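>>> Okay, predicted coordinates and the sequence, questions at the end:
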Amino acid sequence: MTTPMPDLECDALTKRFGSATAVDNVSFTVPAGSFFSILGPSGCGKTTIMRMIAGFLEPSSGDIRIKGRSVLDVPPNKRPVNMVFQHLALFPMMNIADNIGYGLRRKGMAKAEIARKVDEALDRIGLPGIGARQVDELSGGQKQRVAIARCMVLEPDVLLLDEPLGALDLKLREHMKVELKALQAAFDTTFVYITHDQSEALVMSDRIAVMNAGRFEQMGTARDLYYRPQTAFVAGFVGDANRWQGRVTRAEGEALEVKTDGGLILRAISPGRKLPVGDRAEVFVRPEAIRLAEDSAQLSHFDTQISGHVATILFNGAASRVIVMDATGAEIEVALPQSGEFAHLTRGAGVHIGWSGDQGNAFAVARP
Amino acid sequence: MIPTIPQNPLIRIAYGAYVALFFIYLALPLTVVAVFAFNDSQFPSLPWEGFTLDWFFGSERPMIGVFHEGPILRAIGTSVIIGLAVSALSVAVGTTNAFLFNRYQFRGRGLLYVLMLLPLVIPGIVLGISILVFSSTLANAAWDAAEFDIQALRPGLVLVILGQFSFVTTIATLVIAARLQKFDRTLEEAALNLGANHLTAVRTITLPYLAPAMIGAFVVSFLMSFENFNTTLMLVGSDSPLTIAMFDRLKLGSTPLLNAVSLLLMLGSSLLALVMIAFQRKS
Amino acid sequence: MRAGQKLGLILLLTPLLLWLSLLIIIPHIDLFLLSLRERVGVRQYETGLANYTTILTEPLYMVTFARTAMMSILATVLTLLIAFPVSYYIAKMARGRARSVLFLMCLVPFWVSELVRTFGWMILLRESGVISGLLQWAGLAAGPVEMLYNDAAMMVGLVYTSMLFMVVPLVTTLDSLDDAVIEAGYDLGGSGPSILREIVIPHAMPGIVSGSIVVFMLSLGNYLTPTMLGGKDSLWFTQMIYSQFIVRFNWELGAAFGFMLLILSSLIVWAVLRLTGQTLEKTMG
């Protein structure tokens, strides 16, 4: 049995601008029909990758293959990829139908056929009958869908999306995340999505690559990245985390004990990474991995336990947090369960917190 | 056809060559005017008779330089006076116009705005004759009624200033209104909130913000006035501004004296433009 | 409206109204009335269309009128064709410093008087001029070549003189076209010509229209270039206005000429605006 041909393969892709390396030896494959995201802070090189795939930048070295065929010699207007631009780049001089039909006209398709396909696409995105409207008469979410439809009528092998939700307001963005995922399933096309917003990447993607300073830090499913970050960057960038620096005081295989610079004793794990006693380490613990209790007995099964008092309550609905200050003055961010149990919690109240050692991810601190 | 799109290098080179050719076309006439100002000859043409500065500083016939040529110096003076008067008037009215259209909603605003733009689409010579006709109608009426001749309404300095002002104001209005458009009204509200009254707020907050545009409008107005030919031609009296004086000479035949004047003009306006750019960059 | 606001409105309205009425509207009405006046004897006048019938029945006047209009349209089209690629280059191809330098270089020639520019072309094109000299020196011409005083020379001058007023609005509108929109065009399969036709030109339309209107107006109303560069037998309409007013002192006929020029230019401006669906406020303001 052979594995099916991937839709997109990037092989040792590198792009240098002068002496700066924007993309440094990046390789990945995207299987047909999947949703692949590249997640990274601005300036990490993700837009450069996308523009190389679309054909607006030439790689310094490496290869890009679509359905197994190298496209380096193919100009952007002939590549079987289409792109949803950051600010969508809908043509303001045309109405919606002409926008969606633009690529079909370029293929020399008959007028009646184009009209049929455009109507079909408008139905598909749930906006039937808006073909005659102008671009600026549409809402942000509608424009979004039109920009996708404009590409999808061309039936590209790969659809590139360059942070298309960035310009939308929060509520709409949440809604469009779900909708984009649904559209991808409906069109059954390979999506390559770049974003700096981790929640967009986590919610929609089948696989995510976390990118930093021109390199891929880690590639995997949303759960992989969240629960098993392989680098300190990923642990800090994906999801929230308390982070401490300290020194390894005990090591039993992957399980460690770390004494932080503030004097806190923590347990952590370092799967696949060697961290001998005496080395500097950085430990990440997610606020939602920490259990909050008023009675220390409830935490007896945790190997890390700390007592302290409530310094601040940051109420934010489901994402509410408590900042707990321990005796050494260290501040620890803890998720505040909204089950009603802690509804009466006030500032200054004494609390106990605890977590199990395998929730703490330890990484070696790079020597300066 | 933008740098990010791969393009046939041949087309790219041809395109670059076309643009280069265009700039040669732009530079050519001015270059020859400048170069022949230094030709030691009676005519601004080939052959090259050697380098001289006489067309600037010469004081003996036949080579009297610009700085010893009375009529030309007087014409420059006239042009400067006209230019200053036109700029001052245009910037003043341009500023009030900008405030009017920016701050007030009133009946007939749209119509007035179109009327305000009209001078841009009226040929300069028609502007000139219409003002000439109207002013002499007024002057004749005054004469018929009281045997009194109003000199200001006969072709001359005042009419030239009014004629140029009539269309330069539109430009000044547009320049100043463009900046006022970008002004953040809340700054003025903040001033009011901090205890300023309306006029003080405008004087201390809005006008300083507008100053670069007003200075820009002043310089542009001055240059437009200095350069103007068509409207001025119909309204000029006995004391001609520079463009008219040069035109009269050119009709009789050219000497490198005209090149020398032209070169000074180029230097002067470039200097003015540079000052303006430097000033705008600073603010 | 509060009293203070009303006072402000009146104070701001006064200079505008004075300017527009005394220098623009009333003078043009007066010009029109004058054009309707017919001299029947010494200091004796009648109202009528006699001046206009004179113009319409005198072939020289009508030929000059039509010629001026056609040549101005030609000059406008040529200016547009020459300026568009250059403007596009400045707005979309050049980057950073090069771009502002190129733009500035386009502006420089127009800081000096039209008279100087025309004078430059005279030095270049006339019989004893630079180009004639170069041609002889290169052996391409046996004797002096006169390139001045014909329609081609006049066209060169007209195009040159109006270039700025085409380049600036074109660069401004092209500049506002997002690169991503052009890239999207390519991404969706467009080629150079189709993108030019469907995306770039429609986007640049306001700039094309306002540039064309200004260039057309400037050409139509130009006096200097046709007089200095044009042939002796090829009259320009503005020259007829000048000669009626200043040389022959027949103001009535001159006023009629002026009014026809005004109507012609307004008509063409209006037609261009209508055809392209633009408004004067949008293209000029």
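Cool, the structure landed. Quick caveat: nothing in here was measured; it's all calculated off a predicted structure. Numbers count the residues shown, from 1 in each chain, chains lettered A, B, ... in the order given.

>>> For the rest of this, base every contact and every neighbour count on C-alpha atoms.
Noted.

>>> low-confidence ranges in the stretch 51-200 of chain B?
Judged against pLDDT under 70, the low-scoring parts of the stretch 51-200 of chain B cover residues B:58, B:60-63.

>>> What segments of it are strands?
Counting by DSSP state E, counting those that start in this stretch, the segments of the stretch 51-200 of chain B that form strands are B:59-60, B:63-64.

>>> Quick check: which ranges of chain A have low pLDDT?
For chain A, applying pLDDT under 70 flags the ranges A:1-3, A:367-368.

>>> swap the cut-off to 80 and go again
Flagging of chain A using pLDDT under 80 yields the residue ranges A:1-4, A:166-168, A:253, A:272, A:340, A:366-368.

>>> Next to chain A, which bits of the stretch 51-200 of chain B? Give me the list.
Contacts of the stretch 51-200 of chain B with chain A, taken as CA under 8 Å from any CA of the partner chain, are absent.

>>> what's the model's confidence in stretch C:45-55, averaged?
Stretch C:45-55 shows an average pLDDT of 84 in the prediction.

>>> For burial, what's the neighbour tally of the residue in chain B that chain A sits nearest to?
Relative to chain A, the nearest point of chain B is residue B:4 (5.0 Å; CA to the nearest CA). Using other CA atoms under 10 Å in any protein chain shown, residue B:4 is surrounded by 16 other residues.

>>> Report the secondary structure state of it.
When the structure is reduced to helix, strand and coil (DSSP: H, G, I helix; E, B strand; the rest coil), residue B:4 reads as coil.

>>> pLDDT score assigned to it?
At residue B:4, pLDDT is 77.

>>> and it, what does it touch?
If a contact means CA atoms under 8 Å, 6 or more residues apart in numbering or on different chains, then residue B:4 has A:56-57 as its contacts.

>>> which stretches of chain C have low pLDDT?
In the predicted model of chain C, residues C:1-5, C:39-46, C:108-111, C:127-129, C:132, C:141-147, C:231-234, C:276-285 satisfy pLDDT under 80.

>>> Longest helix of it, counting residues only.
Using DSSP state H, we find that the single longest helix of chain C is helix C:59-88.

>>> Buried ones in that one, by neighbour count?
For helix C:59-88, the neighbour count (16 or more other CA atoms under 10 Å in any protein chain shown) marks C:61, C:64-65, C:67-69, C:71-80, C:82-88 as buried.

>>> What helices and strands are in contact with the helix or strand just after that helix?
Where DSSP states H and E defines the elements, the next helix or strand beyond helix C:59-88 is helix C:96-107. Packing partners of helix C:96-107 (3 or more CA pairs under 8 Å, 6 or more residues apart in numbering or on different chains; DSSP states H and E): helix B:9-35, helix C:151-175.

>>> can you pull out the helices in chain B?
Counting by DSSP H, the segments of chain B that form helices are B:9-35, B:54-57, B:70-103, B:109-117, B:124-146, B:157-182, B:185-193, B:198-201, B:207-227, B:230-235, B:242-252, B:256-282.

>>> To clarify, my last question referred to chain A.
In order along the chain, chain A carries the following helices (DSSP H): A:46-54, A:96-106, A:111-124, A:140-152, A:170-187, A:198-204, A:222-227, A:232-237.

>>> The third one near chain C anywhere?
No - contact of helix A:111-124 with chain C is not found when judged by CA under 8 Å from any CA; the minimum separation is 14.3 Å.

>>> Okay, angle between that helix and helix A:170-187 too, please.
With axes from the mean of the first three to the mean of the last three CA atoms, to 10 degrees defining the directions, helix A:111-124 sits at 120 degrees from helix A:170-187.

>>> so what secondary structure elements neighbour helix A:111-124?
Under the contact definition 3+ CA pairs under 8 Å, 6+ apart, helix A:111-124 sits against helix A:96-106, helix A:140-152.

>>> follow-up on the earlier one: can the helices of chain B go into TSV with extra columns for mean neighbour count?
Listed next are the helices of chain B as TSV, based on neighbours: other CA atoms under 10 Å in any protein chain shown:
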stretch	mean neighbour count
helix B:9-35	16
helix B:54-57	23
helix B:70-103	20
helix B:109-117	16
helix B:124-146	20
helix B:157-182	23
helix B:185-193	14
helix B:198-201	15
helix B:207-227	22
helix B:230-235	26
helix B:242-252	17
helix B:256-282	18
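
>>> I'd like to know which of the ones you listed is closest to residue C:220.
Taking CA to CA, helix B:124-146 is the member of these nearest to residue C:220, at 9.7 Å.

>>> Check the offset of the closest one from the chain's centre.
Helix B:124-146 has its C-alpha centroid displaced from the chain centroid by 25 Å (CA atoms, centre = their mean, to the nearest Å).

>>> how about that helix, does it reach chain C?
Yes - with CA under 8 Å from any CA as the threshold, helix B:124-146 lies in contact with chain C, specifically through B:124-127, B:129-131, B:133-134.

>>> tell me the SS of the residue in the stretch 51-200 of chain C that chain A sits nearest to?
Residue nearest to chain A within the stretch 51-200 of chain C: residue C:189 (4.1 Å; CA to the nearest CA). Under three-state DSSP, the three-state class of residue C:189 is coil.

>>> Neighbours of it, how many?
Tallying neighbours of residue C:189 according to other CA under 10 Å, which is how burial is gauged here, yields 25.

>>> Kindly report the domain assignment for the chain.
Defaulting to chain A. Per the record's domain assignment (automatic domain parsing), chain A is made up of the domains A:8-233, A:240-364.

>>> hmm, I had chain B in mind actually
Domains of chain B are assigned by automatic domain parsing as B:1-68+B:253-283, B:73-241.

>>> Identify whichever of those lies nearest to residue C:46.
When those are ranked by proximity to residue C:46 (CA to CA), domain B:73-241 comes first, at 16.6 Å.

>>> Need the residue closest to the centroid of chain B.
In chain B, the C-alpha closest to the average C-alpha coordinate belongs to residue B:224, at a distance of 1.2 Å (CA atoms, centre = their mean).

>>> Confirm for me that that residue is in contact with residue B:168.
Yes - between residue B:224 and residue B:168 there is a contact at 7.2 Å, judged by CA atoms under 8 Å.

>>> you'd agree residue A:323 is up against residue A:313?
Yes - the pair residue A:323 and residue A:313 passes the contact test of CA under 8 Å, sitting 6.3 Å apart.

>>> Neighbour count: those two, which is higher?
When residue A:323 and residue A:313 are compared on other CA under 10 Å, the one with more neighbours turns out to be residue A:323, at 21 against 17.

>>> And the closest residue to residue A:103 other than its chain neighbours, how close does it get to residue C:219?
Closest residue in space to residue A:103, ignoring its immediate chain neighbours: residue C:188 at 4.8 Å, by CA to CA, 6 or more residues apart in numbering or on different chains. As defined by CA to CA, to the nearest Å, residue C:188 lies at a distance of 42 Å from residue C:219.
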